[in-house]
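>>> Based on what follows, work out the 3D shape:
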Amino acid sequence: MCYKIVCSLLLCLLGLACSSTSSSNLAGYEGYTKYTVQHGDESAFRYMVDLQTNDTDVDFWLLTRNMSVLTVGPQRKPQFESRLSQLGVEYQTQPLMDLMASLEANSTYADAEDLDECQPGDCESERPRNRQRRQARGFFSHYPRYHEILNFMSGLAARYPQYCRYESLGRSNEGRHIAGLSISLNQRVRPRRVAYIQAAAHGREWITTQTVLYLAYELLSNLRAFQRVLNDVEVFLVPLVNPDGYEYTHTTDRFWRKNRHRFAGHSCSGVDINRNFANHWNYQGASQNLCSEVYSGTAPNSEPETSAVVRYLEFNRQRVKLSLDVHSFGKFIFYPYGYARNTVPPTVGTLRSVASRAASQIGKYRGTRYTIGTSASILYEASGSLDDFAYGSLGIPLSYTVELPGDEFHVPSYDIIHVCKETFAGFVEFIRHVSLY
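Take a look at the predicted model:
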């Protein structure tokens, strides 16, 4: 009886701690407003691009040529709305805290029947895997923290040592591991081709990490079904490129984008990892304002997170045939180039064809539709991204950025597994094309 009372008290304390952590990452956002702005013309779009690059008092969640989604603090609100009126654009508003409360209220756990690893007949065998199913049900129905992610990755490597290797590419600004998983049919033989996939370069994009971990889980759970896909191909996954920013979004600021680089003598911190790569660095869509959300850093590849990725890709540049950088949100698949609108890569036909095939596979699960093109043509010009660097600087033939679903950077917990499943189909289609090189 005493034991049960103690356990109940511990569970209550843990629940309070989790609740406190969940709410503390929104502290400071009281009075903020979310705006959805429809751009009336090019002048309104250019105003929004200038805001994103230079104004540190607004936070853009999505910026396309036709629409912007952003949050604005109470002090900035009157001036911002006045400018929108001058531009004659239409917009909708919603109090940010009300929005987040409604999203949290709609988050529930997935049903057990939604969590089968694969379709009947596709699995390696039909023997019971109850323990693995229970683990998957728990892991892919919430957003894990850094240590839980590393434990999951190392657990896969321990369970499948012949096919999976767990390693660290380096350490972040705050000393966390930038962990990777190598998956191949035989870890003792080095495949000639590599499919490189990374996620969570921006801390607030939680769903991206789960989709890449689900890819690892599905491949390893059903190796026989994917033998042809993995023939002479190594899949190298980095589910959490920005572990510091990711943790910071859980503990302090839910909408933090950058890494956690602190600069002596400055109150602002962080570098946008996806503006820090050495291809047309700081050319367009990036800023040298340290407080900007798109601050590109002191130099190309200046950040330990960026440098870790670059080291791996450069060392394996003769083998890497696919580079996928997974972000959210928007349902886009981008290929190079992003730094300039009218710059077309020489292999644009192949890039677009492969992206279309991947989008088609994603859509088969439940009809999710992706838009395909360059980020410069669909969104805005942005330089220093991984896809431009991998294609333009390293010659990696298949290089993409994938923007997953999840408005407000939030996929409800009951829908995590479904985003993972539909994205898995797209990932596999991308990997299939690696064998052509």
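>>> Return the distance of Gln38 relative to Arg145.
The gap separating Gln38 from Arg145 is 37 Å, by Cβ to Cβ, to the nearest Å. The C-beta positions use only the backbone N, C-alpha and C, and glycine is treated the same way.
>>> The two: who's more crowded?
Arg145 (15 against 12; other Cβ atoms under 10 Å).
>>> Phi, psi for the closest residue in space to His177 that isn't next to it in sequence please.
Spatial nearest neighbour of His177, chain neighbours left out: Ser168 (4.4 Å); criterion: Cβ to Cβ, 6 or more residues apart in numbering. Dihedral pair for Ser168: phi -120, psi 130, per degrees, to the nearest 10.
>>> how about the residue nearest to Pro191 when sequence neighbours are not counted, secondary structure?
Spatially, and ignoring its direct neighbours in sequence, Pro191 is nearest to Glu234 (4.3 Å; Cβ to Cβ, 6+ apart). Of the three states, Glu234 takes strand under DSSP: H, G, I helix; E, B strand; the rest coil.
>>> wait, isn't Glu234 in contact with Val189?
No. Glu234 lies out of contact with Val189 (Cβ atoms under 8 Å); the separation is 9.7 Å.
>>> Who has more neighbours out of the two?
Between Glu234 and Val189, Glu234 has the larger neighbour count (other Cβ under 10 Å), namely 23 against 10.
>>> Quickly list what that one is bridged to.
Val194 (DSSP bridges).
>>> With Val402 instead?
Val326, Ile333.
>>> distance of it from Leu215?
12 Å.
>>> joint contacts of these two?
By Cβ atoms under 8 Å, 6 or more residues apart in numbering, Val402 and Leu215 have these common neighbours: Thr423.
>>> Could you say which helix or strand holds Gln361?
For Gln361, the host element (DSSP states H and E) is helix 348-366.
>>> Just the buried residues of that helix, please?
Going by neighbour count (16 or more other Cβ atoms under 10 Å), the buried part of helix 348-366 is Leu351, Arg352, Val354, Ala355, Ala358, Ala359, Gln361, Ile362.
>>> out of those, who's nearest Tyr437?
Val354 (11.0 Å; Cβ to Cβ).
>>> That closest one contacts Phe430, correct?
Yes. Val354 lies in contact with Phe430 (Cβ under 8 Å); the separation is 6.8 Å.
>>> on that earlier part again, so who does the residue nearest to Pro191 touch?
Ser182, Ile183, Ser184, Arg190, Pro191, Arg193, Val194, Ala195, Arg319.
>>> Can I take it that the fourth one is in a helix?
This points to Arg190. No. Under the criterion used here (three-state DSSP), Arg190 is coil, not part of a helix.
>>> Quickly note the distance from the closest residue to it other than its chain neighbours to Leu322.
In space, and not counting its chain neighbours, Arg190 is closest to Glu234: 7.5 Å by Cβ to Cβ, 6+ apart. Distance of Glu234 to Leu322, given as Cβ to Cβ: 11 Å.
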